[in-house]
Each structure stands twice: as structure tokens, then as C-alpha cells.
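Chemist: Quick check, what structure comes out for this input:
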Amino acid sequence: MRLDFVQKRISQFFEHYIILIIRYPWPFILIPVAVTTVLCTGLQYQQDAYLKDELDQYVPIDALARRELQQLDELFHIDDLDPFYATRRYDIKRMGYIIVRSTIDDGNVLKPVVLDAVLQLWNVIQRIKVEGLNNTSFDYASICVKFPISPVFDEIVADILMHKSSRLQEKCVSNPLIAAFKMLLNGDLSPENGTVDKTLLKLVANSFSSDLLTSVCSLLGGIIFDEKHQISGAKAMMLPYALRHSSVFQDSLAEKWELKLADFLPQYASNIIKTSLWTYETIAAESIHGREQLMKMLFPCFLTILLYTVVCCCLPSWIYSRPWLAAGGVISAASAVISAIGLLLLLGYHITSVAYLMPFIIFSVGVDNVFITLSTWRSMPLIAPFEFRMKKVFSDATVSITVTSFTDLISFTVGCFAPFQSVRPGMLNKAKDSSQSILVLTSKREFTERHCLTFRKVKKYQKKTCSSMNVYPEVSLYKIHTVCWPAVKEHRETISNCNHLLANFFRTTYSDWLLKPLIRLTILLLFILYLITSIWGCMHVKLGLEPNDLLSVNSYGREAISVMEKYFSDYGSYLHVWMYDLSKMNFSNRQFWTVLEDEIALYEYTEYTGPSDSWLRTMRQYFEKSNIEITSNNFVYVLKNIFLSQPQFARYKRDILFDSTGKLLEVSRILVQLRHVGTCNQSRAMRILRNIAKSSSIKTGVYADFFQFAEQYNAVLPATLSTIAIASLAVIIVSLVLIPKRIALLWVPISIVSVNLGILGFMTIWNVRLDFVSMITIVMSVGFCVDFASHLAFNFAKGKGIRSSDRMRNALYNVGVPIVQSASSTIIGVSFLISIDNYVFRSFLKTIILVITIGALHSLLILPIFLTLFNSEEETKYAEPEKGNSSGRTKKTAVKSPFTWSEASSSIEKISKGAKHIKNNRKTNQMTPNLDAAMLQTYWNDRCYYPNAYEINWNREWTSVSQEEFTKRIYSNFYPFFIAPRYGTITYSL
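Modeler: Modelled structure (predicted):
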């Protein structure tokens, strides 16, 4: 059963469409140029629409961590003007750190000389200024977030330094050790001179709040303990900072300060310390740098693709070369990119750095249609009239192009619904344009035998091979073969010169090679090995994108992350655990605080957590020392009026919410220390902590700052599989409708599955993880990999009653060269990304190479073999005419005409003998029926390679007919359309 009704309608539509273009080509060139000119005005909004690649861009849009963070912010919102408590901070925006290490002796950063160098560095950093409005300057103290100083500590330091007028209640966020050391140095009480005794240091230490003491412990890395288990040194020290960002103006100042810090610190020279830096702008700055590198590569990429396409479209002939068509195809693809981006910007869409990768693909893939249509044009004999030839080109090529365009559109549309915000702008930028009008104009130029560059008429020297005496009817068949054979040979050379040499290679040598049983067996065994390797790779696929991957190899942020994981992984950030709707809970006979204490303990004894900072535990310890008894009746009262009123417990006000009456506890939060959480186990840690909250008898929420980034590990695999499944299903439906052959419908979907399986498997072997970048490429591959397969399958399906081997030859002859050209142009286009030292771009490059290489190999090796081996169509043989059947037709459909050339030559001779000139626009002596016979012979010999190139009245059954009937069909089908339009009218008589 052939489901070709849609294909026929599409072919008919394009046949009428191309006639319109032939008659009016210039509007189809000028209108797209005008549209592109209008849409490119949207590029002026590019800078404003650029969305910096912050971590939020790589978090799934529907991630649970987003909802958890939203709930946490609604309950315990933090304002920049609020006192800064490090452990209570859940918003990492405009926060960063400087890690300091010693370069002397044993690397102990707690030595006075090192602390002095650190202090000098911090003083210089605090003096970094940025410009604001009206030429006003802002230093770190002007834009920092403050943290509260304990009054006890303030009084002690003021007494020691003897200048009480300098007392402050708040200081900028930094390492408390540095603040204390600075005050000691200012009072000439440094540890070096021995004037500070242990009692005084203990008193100073005790004056810090426990929140600050906890921070001190987490700000020292590689801590060294002596035999008494006391801290004797540390390998690294962290200097954190936090900047205000509640308003647009404050956020812009903070951004400028961070960028200036990033420029300054690598230039800072010290013989005592070395530094590493991480800022909130680190990833965004790297993204902008990568975008600038991509933009610099766009023009060289465009120029290279242009030159390569011109070379591919040229032949060793000034007539049959198509440089202007190649240029028009590449410019058309570039116009599509500009128009698409301009339109999206005009509609208010944002654009990310990932979107700048799309032009490198579209420049290359956009010229595929040029290769396909040009190959279809060149695969036809030159004797066809222009309009008829153009109609056949578009009726055949555009159906195949329609399949690929629909599949690309579907895959990119599915990609637009991917759960990663950074993916969507890139998927929206996929657009295509056509260059049909340029094809028509260049085809007219070729048909009239004009120069491909100058458009001037090319004068061809033709050796006279047939004399005028050959015009007469008494010419014999012997003379046709002997005297006029040079004309036939010349015509055959003309046909071979107008097509690519590789096309004949695919039709003959390559096809013969694929038809050998040993070669087929070898390829099938290699295919099985390929499937086994791919499955192994899929079973070991690596998931997720690490923060390091968003940075270039030479980025300062990479070193900061490495040092951070080396020295500060034992004591990381804090897990926020909040229990809500407590006023509605029924605790039966159990004490309220006992239930909460049991819940808190569950989070303290996992492999990724440590002790907690619990207001409930601190309050009970405080009341035990104060001999205050807690009961169910006075719990809320003593909590509000006694415990929270103490200055040293002020931070716990951020952890408690009461109901509207103020008599019941509504929400409670605790902070749990995270330990040993790295990029390799973030997903597992998040899953364990969430499971604890889910199994709790109290409504509980959990959140840590690594949750958002860890979400991608859980989301990328389901998102990839779902998008591939949806896109593949849609592609299969499109192929089912547009490719009218059952065998193609079977193997195109199998080819899609096999290609995607290979991409996922070989990604692992090539050290490419499955992340949002590779997910983009894999989704695109659903469309790209079916492009090659659909081209081959559609050309294989064309025609009726043709042997599988001949179908394969026809398909490879028509699309073998375009597949090679398209694949090579795409790889050349994306190869420019190899010069950019960034994992995201390298990953994109590697995945595209896998997509194109595996897809091309499937189309040129695997698919031809499977299509020929498992073709269900019968190869009918010629039969004798049935008795009683005057028409001489049988029920079977013949693969070829029942006559060989020698058998049919007598019929063609009759046409030659009966030909008489009635009207001829050229000189009579230049027209010979022998030349017509030569054309007929050429067409006869080539018919097995062009089985349905000319389907005018050829769809009738060509069974074992009489020579007289065959002669009539040759004359009625061939002569009016191929000889008369070019050489004049000739009458026919048997």
C-alpha cells in the first residue's frame, strides 16, 4: 500500500508554485530582502535583551527547588538593610569570597606575618571604588551588607584601643578574625609582642556571638590541630563579602564593584600570600566573554561556508557551475538567522549565550536545500525543456525538503518546551529560508548556455559528426550507430559534465561495493558492534553540568572552586529546615518541644550533615542554667518575652514566626551544617534530605543553596528522553505521511532510534556529559539525523516496479553527494568552536560532530543495505502477452521496457525515417533525426537511473507490447516534450 496522496498533492503544489517563480522570479528575491531589512531592526535591542548566564538559567523551570526557595523567602524574607547573619542567608546574590593561602614555610595562614599580609590586602580591597550617579564614588563600606557586633565585644575592644569614639554597632561582612586582628594591630597589641594574654583573647572570643564563631570555623580551611586538639594552624582563609542589591541602582553598583575586583585581584602582587576569587558575576562575565568570542567567529564561519559551498556547486565547466546559487543559499541562511533573531527581539524575547551557537549550525544546515535541489537538477538529462525540468526538480526535491523542514521544525518546537530556560532562546532561533528564485535564474542561465560569472553566451566548438545526407529517410540503422555514434558520445559527455563526479561514483563503484555479500556482512557485523558499544555508553552516561563547566580553562573561577572543594568541603553551607502550620498540629499528650527536638535530630545524623543551630536547643539550655521551667502553658510567653529579648539570641528572631494572635507558634526554622557535599554527590544528598522531610509527621520544607544546581542532575535525563520521544513520534508521523513506501516507513524510525542511541553512547566515550547543552544538540539531532535518512528513503521509494538494487543506485546517485556536502559543511561550520576554550561550546561541537557523522554513516552505509535487504516489493519479470489479450498487457508490472536497445532500435529507426521538417527555428542542416535517435538512445541507456524522471504518460504499464505499440509510445511520450520544443516540429509516419 502506497500512502502517496499527500506526497502527490505537495508535488502538484510545488509544480504550480515553481511556474509562478519562473514567470516572476524577482519578487521572490526582493520581498525576502525587504522583510529581512525590516526584521533586522530588532537587533538594536540585542544588548538589552541579552540574558546573562547566571546559575538560575541552568535550573529547570519547574524545579522543586524553585518552589522551596520561594516558600522560604516568603516566610523568612531577608532585606539588605537587615543585619547580616551568614548562617541565615539563603540568597547568594551579590555574595562572593576571596581564598587566601600562604606561600611561605608550611603554608600556615594564621601566622602573624601572613595575617598582616591578608589585612593589607583587605584594606586595599575596601578602597576599591566605583562610579555612581553625578560622578559620586562608592567604596566597599558604602555598598556592603552589615553584620551586627556584639555590645560586649565592642566595649572590650574600645577599652583596649582607648578610643571609644570609634565604637560601631555594625561592620561590613568579612572574616571576623581579620576584624579582630586589625583592631589588635591598631592598638599595638599584636600576638608578636606578647601583650595579649590568653584571658583577654578568650574574653574577646566570648564576645563574638555563636553565629560568628560558627562562621569563623567555616572560614578556615585545612585546619591543623595540635596534640591537645586545639587549632594550631590552617592552610587557607576565606574572606567573604556581601553587597546590597535590593534596588536596581544598588545592584548595578555591586556589579561594577565585583567586575573591578575581578580585574584587580589577579594583578595584586605579594610574596607572602596568593589568592583565589569567586564572585557572583564570575559565570556571567565568562558568558559575556564567550559570547564575544562567538561573535568574532561568525563572519569567518560565514565566509568559510560561503567559499566551501561555492566550491561544492562548481564543476569543470563555466556553464554548469553555480557559484551564484551557492552564494544565494548561504546568504539566504544568514538572512534567516538575522530575521529570526530580529523578530524574537522585537517580540520581547531574551537571548542567552547558547543562542549564539545557532548561526554556526544554520549557516551550514541552511544550504542543504541548495545541495539537494541542485543534485536533482543535475541528475536529469539536458534534453528536457526548461519549465518541465524545473517542475520535476521541485516536485521531487521539495517533497524531500518538506520532510526535513517539518522534522527540523518539530524537533526545535519540542526543544522550546524544554525545562531549561537557557535552552529556549536557542531553540527559538531556528529558522529557514529558501533560494528558489536564485535557482530559477541560474538554471535559466545554464539552460541558455551562458557563463556562470559573466552571464555572456558561451561559444562552443562542435565538431560536425553527421552530414546533411543523414536527414533523408533512407538512412539505415547501421549509419545511426556508425556515422552518428560520435554525436551520441558527445552528448553522453555533456551529461556527465553537468553532474558531480561523486554522483557517478555513488551510482556505480560505491553501489557495486555495497551489493557485494561480503561487504554487506561486514557492515552488518560492524553495525551490531556499534549498537553494543552505544548501549554500553548509554548505561554509563554521565549526567549534569558542573560549575567548572561554565568557565573557561584559564578562568580565575576554576581555581577558586578547586581550592574551595579542597579546603572547605568539610564545613560547607547550611541546610534550612522549616516546619510550618504548627498551630494546627495536634501533639496529643507529647510535649510540643519534644516533638520538634526529635524531628531536628533526624537531620543531624546523615552522611552529609553535622550539628544544627537550633533555637529550641539553645533556649532549653539557657532556661536550665537560669532555672526557668518550661510548660505547655508558658512556652510561647517565655520564648517571646525572655529568650528572644536577650541580645545574644537576637539572630533567632529570624527563625520563629507566630500566628496572627501571637499566642501560638506557626513556623520554626533550624540550620543544619552541611558536610562533604560536592558536585559528585549533590543529587544524592538532596534526595536523602528531601525524603526525611517527606516522611516527617510535621509539614516540613528543606532547602540548601546547592539544591537548584543539583536539580539539573535529576531533570536532564527525563527531559532528554521525553523530548526525544515526542520529537521522534512527530517525525515518524511526518515520514509516514510524506514518504510513500512501507519499507522506508520502517527503517527511517529505526534509523532515528539508532542514531540517537549512538549519540548518547559515544558521548560517554568522548567524555561529554548529558547536560542541557548536549540535550539541545540531541533534540536537534532528531531533526538533523532524519534529514539524511529521509532524503535517501524518499528517493529510494520513488518509481514503480524497480529492483531494490536499482532503487539504491538511483537514491545514492541523487542524494549521495548532497549528504556528503551537507555533512562536511556542517562540520566545517561548527569546527570554529574548537578555538573557544569553554566546555559548553566544546560539548556542543563534539555532540554536533557525533550527530552529523553518525547520521551520515547511517544514510550512506546502514540504510541502503537494510532498504535493499528487506524490500518487500516484488521484482517482477517480463512475461509473454497473454492469449486473447489484444493489447498485449499482462497483470505483472515490468521493471524495464521489454526491449533492449538493439531490439527497440528498429522502432526508433522508423521515427527517424519518417521524420520530415515542417518548421524549424534553427537552420535545417543543423537538425538531423539521427541526433534525435542518439538522444533517444541516451535516454534509453539512462532510464534505469532515472526511473520516473519524466512521468508524462509513462505511468502506464510497459509490459510486453508489440514493437509497433512501443514505437507509438516512444513517439507520443518522448518526441513532443524533448525534441520538438528545442529543434522544431517533425511529422511522424510509420
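
Chemist: ranges for the strands of the stretch 551-700 of the chain?
Modeler: 574-579, 609-613, 656-658, 665-674, 700-703 (DSSP state E, counting those that start in this stretch).

Chemist: Take these and write them to CSV, including mean neighbour count, mean pLDDT and distance to residue 258.
Modeler: Quick note: C-beta positions are derived from backbone N, CA and C, even for glycine. Shown next, in CSV, are the strands of the stretch 551-700 of the chain (neighbours: other Cβ atoms under 10 Å; pLDDT from 0 to 100; distance: least, Cβ to Cβ, whole Å):
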stretch, mean neighbour count, mean pLDDT, distance to residue 258
strand 574-579, 24, 91, 23
strand 609-613, 19, 88, 29
strand 656-658, 18, 90, 33
strand 665-674, 22, 90, 25
strand 700-703, 22, 93, 25
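
Chemist: Out of the ones you listed, which is closest to residue 767?
Modeler: strand 665-674 (29.1 Å; Cβ to Cβ).

Chemist: tell me which strands and helices that closest one is in contact with?
Modeler: Judged by 3 or more Cβ pairs under 8 Å, 6 or more residues apart in numbering; DSSP states H and E, strand 665-674 is in contact with strand 574-579, helix 592-604, strand 609-613, helix 615-626, strand 656-658.

Chemist: and if we set it to 7 Å?
Modeler: Applying 3 or more Cβ pairs under 7 Å, 6 or more residues apart in numbering; DSSP states H and E, one finds that strand 665-674 contacts strand 574-579, helix 592-604, strand 609-613, strand 656-658.

Chemist: avg pLDDT for stretch 401-415?
Modeler: Summarised as a single mean, pLDDT over stretch 401-415 is 65.

Chemist: If you could redo that for stretch 86-103, that was the one I meant.
Modeler: 84.

Chemist: Hmm, residue 49 is touching residue 352, no?
Modeler: No. Applying Cβ atoms under 7 Å as the test, residue 49 and residue 352 come out as separate, 9.8 Å apart.

Chemist: ok, back up a step: how about the strands of the stretch 551-700 of the chain, which one is nearest residue 319?
Modeler: For the strands of the stretch 551-700 of the chain, proximity to residue 319 was assessed by Cβ to Cβ; strand 700-703 is nearest, at 71.1 Å.

Chemist: Neighbouring strands of that closest one in the sheet, and parallel or not?
Modeler: Strand pairing for strand 700-703, using DSSP bridges, gives strand 574-579 (antiparallel).

Chemist: what is the orientation angle of the partner strand with strand 665-674?
Modeler: 160 degrees (axes from the mean of the first three to the mean of the last three Cα atoms, to 10 degrees).

Chemist: and residue 51, what pLDDT?
Modeler: 75.

Chemist: Equivalent analysis for residue 129, please.
Modeler: 91.

Chemist: quick one: it from residue 136, how far?
Modeler: With distances taken as Cβ to Cβ, to the nearest Å, residue 129 is found 10 Å from residue 136.

Chemist: I'd guessed residue 98 sits against residue 277; true?
Modeler: Yes. The criterion here is Cβ under 7 Å, and residue 98 meets it with residue 277 at 5.5 Å.

Chemist: Overlap of the contact sets of those two?
Modeler: Counting by Cβ atoms under 7 Å, 6 or more residues apart in numbering, the common neighbours of residue 98 and residue 277 are residue 265.
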